[in-house]
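Trainee: coords please:
(2 chains)
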Amino acid sequence: MKSPSMPSASLTGRVAAVFIGLALAFAVHAQGNLEIDTPAISALRKAMQQRHAQLAPLYASGAVGIAADGTVSLRDAAAVPLAQRAQANAAVAAENADRAALYREIARANGHPEWEGEVRRTFAQRWLDRAQPGWWVQQGASWSRK
Amino acid sequence: MAAQPGTRESIRVETSAGGFELPCGGRSRRALACSLVLLMLVTAVPLAGAAVFRVLAARVGEIAGPGFAVHELRVRLDAPAQGGEVDIGRLRIGAREWRALTLRCGRLRIDAGGLACNAARMEQGGRRLPFEADVDLALGAGPVRIALRLPDGGRIEAGTEADGRLRARLHRLTPAAAADLLEPWLGDLAAGLRGFKATGVLDAELDYRPADAGATTASLRGRLAGGGFGRADGLLAAEGVGADFTLEARSTGAVWSWSAQLDWDAGAAYIHPLLVEAGPRLRARGRFDGRRIELERAELALDGLAAASARGVIDTAAGTPDALSIELAGADLARIGPRWLAPLLAPASAQRLRFEGRADARVELRAGRLETLAVELHGAGFGLAPPLGGGSARGDDGKEVVPVEVLALGPVDGRVRWSSRGPGAAALQVGGGRWEKLALGAFALDAALEPAGLRLAGARIPLLDGTLVLQDLALGWSAAGWEGSGGVVLEPVSMPLLSEALGLPLMAGVMSAALPGLQFGPGELVLDGTLAVSVFGGWLQASGLRVREPFGVASHLTAEIEARHIDLAQLTETFSFGSITGHIDADVRGLELSNWRPAAFDARIASIAGDERRRISQRAVENISALGGGGALAAVQRSVLRLFETFGYRELGLRCRLANGVCEMGGLDAEPDGGVRADGGFTIVRGGGIPALDVIGYNRRVDWNELVARLQRVVAEDVSPTID
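Mentor: Numbers count the residues shown, from 1 in each chain, chains lettered A, B, ... in the order given. Below is the predicted model:
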């Protein structure tokens, strides 16, 4: 997925090549495929689907909220029975590790590891849109119930 | 206790005929006594006749003592009602001051012994305080007793004796009652109790004896039942805590010697990210000079630890240990690991980590920071289960089996000593290990530790019948994670063992590697050098190896592979693919494995030039056709196919460029001399000799997963695929 190297003799040629490259990059960028599938992405999605059974009640109780940065956050541990708080924290940590890996892997699979931040932002908005009514979501720095 | 000069003590008697005032000067406590005596005299005189007076009022200017002062004290006795009031204009305790305190006695009794104010209510600034009090005040240096009855049934009793002994008892004190009680006096503490939603019932006894036989002693003992609290965010909380505690202290001068004991027998606490359950018992003793607590020895009994002790100095102002040395002996890692280590060290993998064996440790903290850590391991073992969704194995009967750990190490014996101030060392004997399906033999690790890194001169790790040799490994720790460099050599491993270990068909040959440019950063491993495999009569070499997150779900490997002079006869026999003779070269450019499965590559296979006998069996033809998506044989050829066991061929070529789950196929046409057909098909095998037939592919875009499934069927079932 590497772009072929451009033969350029002159400086202007090189500058032009850079501009064209940038323009192309943006064009491709706009079309970056978030639905791209690789074995790692499907494994991550499967892991996250399995974990969702554990996280869904935590979203519903408000213990865990959908954070603005594409992660989930243990925003109100008091909503979890004391004995289960450590497990809830571990589930949140594991989910965030998988989410970080997912964003990295999608950017990588698109051939642009540097898009990770963009993918993360896009997903953050998507998680927020998909949050069920009653779940806690973070916009900016403040939390509210959807 | 000295009265301020110039204050005026007096007693005023009001009768039905008017009032008069009697002077009663002198030192304040005596003045109070004098006032009381006068009161009694005046009370006694008219009792013979009619009720001559109704009210007596005594005014005592000030009573002061160490740490407290009472200003504008007034006592009023209402004879007919047997009641009375004690007014305190200002009360100062320490640096705090309260105004307008009134004690309204339900029954006020004054006699030769002193003053008793019972069923009293107290007001401060016109607001009633939430308790009922009994106060007994003896004259002279006699005892003082105060009892407070709280609305929820709790009771506080305190009393001083003539010798200065102070005893106090808290009986069923609840945080709610305590907060109400403390509100006017210590508002911050009351707000804290309420803010932390404290619950529970406290029973305690305090006994303080000043300068008894040369030493002042104090003891506190009690029990908390059903104790709990919760910070608003829930990250610090406790529930149902039951604990017995005692504190004994003794002082002959400015320094106290103390000993304390805490037995926590019920409930649990969450101290993010740790769940701590009842069971720990603490014994401690030390000294306290008012500024620093010196911990001579503390012993903690904790489930999973044979012994734990600590000593050190804690700065009470800073709240941090100045110096603390902790010794842990006989830690049972199977119990300590999941509860204490995993949540702190690897929360995301906490549920996947396994611990076993025992450890001893010594930890030294200075100024709140870790200074040295010495750990001794005895038969310690660690394992990491596969991540969720990371592939669960299925047994022969199709049932899911317990997944094999992706990483395992142990038993590990030896010592690690790290210091933040200088060199340390690690000397470990590792009994074995496993990464994925590869078993590692026993090896020794001797590393020099630095405050933020380690150096390993070399290590030889047995891998099957070969050896993985680590050379000049240097690791550094930064906020981003571990990074380092070094070299790796794989001394030859026989392919039969390796293929067996990896669950692949048995292959002959050996694998070796020289990767002098090993580099790794957070989550990434770069192996500059070459991995070479001699296999199928030829060789294969991989270079440009990069591995990301080798133990995660999103593990990712990239490499360039070239294979030369591969004997197809051996290859096809190994994979039960029918039979092809002849040799090929193969190139796999831009190979990307994601979660150890191919995600992208550009692969070409081509028969090598030169004279040799090239035959292809009927079954191999059928298999290749099937892989090509069917319809790869002309009808006329299909009838020929059934007549002969093998066919001659001139050349074969196949290309698969995998991206986004689709393999873009090509045949000989991918080669420079071409093979493009008028019907849009591509030639995979070009026949030659007698009998000859061509294998043509028509499907240029094949779903990769489908292709793999077909290939697996062909190889595993060892049956001929059907040809349409």
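
Trainee: Residue A:40 is in contact with residue B:595, correct?
Mentor: Yes - under the criterion of Cβ atoms under 8 Å, residue B:595 makes contact with residue A:40 at 4.2 Å. C-beta here means a position set from N, CA and C on the backbone, and glycine is covered the same way.

Trainee: So what's the residue count around residue A:72?
Mentor: Counted with other Cβ atoms under 10 Å in any protein chain shown, the burial measure for residue A:72 works out to 20 neighbours.

Trainee: ditto for residue B:246
Mentor: Number of residues near residue B:246 (other Cβ under 10 Å) recorded here: 17.

Trainee: where does it sit relative to residue B:207, distance-wise?
Mentor: To residue B:207, residue B:246 is 11 Å away according to Cβ to Cβ, to the nearest Å.

Trainee: next one: residue B:293
Mentor: 21 Å.

Trainee: got the residue ranges for the strands in chain A?
Mentor: Residue ranges of the strands in chain A, as given by DSSP state E, are A:64-66, A:72-74, A:136-139, A:142-145.

Trainee: hmm, back to that, higher neighbour count, residue B:293 and residue B:207?
Mentor: Summary of the neighbour comparison: residue B:293 and residue B:207, criterion other Cβ under 10 Å, with residue B:293 having more neighbours (19 against 15).

Trainee: tell me which strands and helices the helix or strand encompassing the more buried one is in contact with?
Mentor: Under DSSP states H and E, the secondary-structure element containing residue B:293 is strand B:292-301. For strand B:292-301, the contact count by 3 or more Cβ pairs under 8 Å, 6 or more residues apart in numbering or on different chains; DSSP states H and E identifies strand B:281-288, strand B:307-315 as packing neighbours.

Trainee: Adding mean neighbour count and distance to chain A, write those out as JSON lines.
Mentor: Rendered in JSON lines, the data for the helices and strands packed on strand B:292-301 read as follows (neighbours: other Cβ atoms under 10 Å in any protein chain shown; distance: least, Cβ to the nearest Cβ, whole Å):
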{"stretch": "strand B:281-288", "mean neighbour count": "18", "distance to chain A": "21"}
{"stretch": "strand B:307-315", "mean neighbour count": "17", "distance to chain A": "21"}
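
Trainee: Adding mean pLDDT and distance to residue B:71, write these out as JSON lines.
Mentor: Written out in JSON lines, the entries for the helices and strands packed on strand B:292-301 read as follows (pLDDT from 0 to 100; distance: least, Cβ to Cβ, whole Å):
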{"stretch": "strand B:281-288", "mean pLDDT": "96", "distance to residue B:71": "33"}
{"stretch": "strand B:307-315", "mean pLDDT": "94", "distance to residue B:71": "37"}
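
Trainee: TSV for those, including distance to residue B:535?
Mentor: Supplementary listing: these in TSV, determined by distance: least, Cβ to Cβ, whole Å:
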stretch	distance to residue B:535
strand B:281-288	63
strand B:307-315	55
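
Trainee: Neighbours of the residue lying closest to residue B:340 once chain neighbours are set aside, how many?
Mentor: Closest residue to residue B:340 in three dimensions, ignoring its sequence neighbours and counting by Cβ to Cβ, 6 or more residues apart in numbering or on different chains: residue B:274, at 6.6 Å. Taking other Cβ under 10 Å as the neighbour definition, residue B:274 ends up with a count of 14.

Trainee: ok, residue B:274 to residue B:306 distance?
Mentor: If you measure residue B:274 against residue B:306 using Cβ to Cβ, the figure is 20 Å.

Trainee: Which residue ranges of chain B form helices?
Mentor: Remark: helices of chain B, listed N- to C-terminal, are B:28-44, B:175-182, B:187-195, B:333-336, B:342-345, B:495-501, B:568-574, B:618-627, B:635-641, B:704-717; assignment by DSSP state H.

Trainee: quick one: residue B:180 and residue B:204, what's the gap?
Mentor: Distance from residue B:180 to residue B:204, by Cβ to Cβ: 18 Å.

Trainee: Hmm, residue B:620 and residue B:580 touching each other?
Mentor: Yes - with contact defined as Cβ under 8 Å, residue B:580 and residue B:620 form a contacting pair (5.1 Å).

Trainee: Pull up the overlap in contacts between the two.
Mentor: residue B:572 (Cβ atoms under 8 Å, 6 or more residues apart in numbering or on different chains).

Trainee: which of those two has more neighbours?
Mentor: When neighbours are counted by other Cβ under 10 Å, residue B:580 comes out ahead of the other of residue B:580 and residue B:620, with 26 against 22.

Trainee: got a pLDDT number for the more buried one?
Mentor: Per-residue confidence for residue B:580 comes out at a pLDDT of 93.

Trainee: mind listing what the closest residue to it other than its chain neighbours touches?
Mentor: Once flanking residues are discounted, residue B:580 sits nearest to residue B:568: 4.2 Å by Cβ to Cβ, 6+ apart. Residue B:568 makes contacts with B:536, B:580-584, as judged by Cβ under 8 Å, 6+ apart.

Trainee: ok, now residue B:328?
Mentor: Residue B:328 makes contacts with B:305, B:307-308, B:359-363, as judged by Cβ under 8 Å, 6+ apart.

Trainee: top of these by neighbour count?
Mentor: Neighbour counts for the contacts of residue B:328 (other Cβ under 10 Å) peak at residue B:359, which has 23 neighbours.

Trainee: so how many other residues sit close to the closest residue to it other than its chain neighbours?
Mentor: Leaving out its chain neighbours, the residue that sits closest to residue B:359 by Cβ to Cβ, 6+ apart is residue B:331, at 4.6 Å. As a burial measure, the neighbour count of residue B:331 was computed by other Cβ under 10 Å and equals 28.

Trainee: and residue B:331, what is it in contact with?
Mentor: B:304-306, B:358-361.

Trainee: Tell me the confidence at residue B:6?
Mentor: Model confidence at residue B:6, expressed as pLDDT, equals 36.

Trainee: Same check on the one 10 residues further on?
Mentor: pLDDT recorded at residue B:16 is 49.

Trainee: which regions of the chain lie under the pLDDT threshold?
Mentor: Since no chain was named, I'll use chain A. Residues of chain A meeting the criterion pLDDT under 70: A:1-31.

Trainee: actually it's chain B I care about, not the one you picked
Mentor: Applying pLDDT under 70 to chain B flags the ranges B:1-55, B:60-61, B:64-67, B:139-141, B:212-213, B:389-403, B:628-639, B:669-678, B:716-724.

Trainee: Could you chop it up by domain?
Mentor: B:1-149, B:568-724 (automatic domain parsing).

Trainee: Which of the contacts of residue B:328 fall in strands?
Mentor: Assigned to strands by DSSP E, the following of these qualify: B:307-308, B:359-363.

Trainee: center of chain A - which residue?
Mentor: residue A:120 (3.5 Å; Cα atoms, centre = their mean).

Trainee: Hmm, residue A:67 and it touching each other?
Mentor: No - counting by Cβ under 8 Å, residue A:67 is not a contact partner of residue A:120; they are 11.0 Å apart.

Trainee: roughly how far is the lengthiest helix in chain A from the heart of the chain?
Mentor: Within chain A, and with DSSP H defining each element, the longest helix by residue count is helix A:85-109. Distance of helix A:85-109 from the chain centroid (Cα atoms, centre = their mean, to the nearest Å) equals 9 Å.

Trainee: Residue A:118 and residue A:34: what is the separation?
Mentor: From residue A:118 to residue A:34 the distance is 10 Å (Cβ to Cβ).

Trainee: Now do the phi/psi pair for residue B:280.
Mentor: Note on residue B:280: backbone dihedrals following degrees, to the nearest 10 are phi -60, psi 140.

Trainee: How many residues are close by it?
Mentor: Other residues lying near residue B:280 total 17 when counted by other Cβ under 10 Å.

Trainee: do the same with residue B:163
Mentor: One way to gauge burial is a neighbour count; for residue B:163, by other Cβ under 10 Å, it gives 11.

Trainee: mind checking how far it is from chain A?
Mentor: Between residue B:163 and chain A the distance, using Cβ to the nearest Cβ, to the nearest Å, works out to 47 Å.

Trainee: Residue B:496 now?
Mentor: Between residue B:496 and chain A the computed distance is 28 Å (Cβ to the nearest Cβ).
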